[in-house]
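Asks: need a 3D model of the sequence below.
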Amino acid sequence: AEGCTAVIDTGSSYITGPASSVSALMKAFGAQLDESGYKVSCDKVKTLPSVTFHLGSHEYSLTYEDYILWQAQIEGDVCIVTFRGLDVPPPAGPIWILGANFIARYYTEFDRRNNRIGFATAV
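Replies: You can find the predicted model right below:
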């Protein structure tokens, strides 16, 4: 979604964005929504595309390894997509909240002195 604000949140486990944007992305993934969130067939996970966020003039991509949470259960593996839809009304929204799965991929530095956030690929 264009014109959104991005929030980096160390307290969020998932990536949260406008419900219509997340819903469209999940439809493209073939994900199904149930009471615990979006799920995809574990057989299809390795075919899922990268998701790229454009922050300023930079691009930050996440692969399925970054946004799929595998859970082994008695009835078989479950693959949870770590995106959630949440509509935050203006003037605060719309926003994307980039949580732990984004921060795990990109080293994040909070520079309070200069009121900025920097990213680098985590190693």
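
Asks: give the bridge partners for the residue nearest the centre of the chain, please.
Replies: Residue closest to the average C-alpha location in the chain (C-alpha atoms, centre = their mean): Ile15, at 3.2 Å. For Ile15, the beta-bridge partners are Phe83 (DSSP bridges).

Asks: OK, contacts around it?
Replies: Contact partners of Ile15, counting by C-beta atoms under 8 Å, 6 or more residues apart in numbering, are Leu62, Tyr67, Thr82, Phe83, Arg84, Trp96, Ile97, Leu98, Gly99, Asn101, Phe102. Heads up, the C-betas are built off the backbone N, CA and C, glycines and all.

Asks: looking at those residues, which is nearest Met26?
Replies: Phe83 (6.8 Å; C-beta to C-beta).

Asks: who's in contact with the closest one?
Replies: Tyr14, Ile15, Thr16, Gly17, Val22, Leu25, Met26, Tyr38, Tyr67.

Asks: give me the buried subset of the residues you listed.
Replies: Tyr14, Ile15, Thr16, Gly17, Val22, Leu25, Met26, Tyr38, Tyr67 (16 or more other C-beta atoms under 10 Å).
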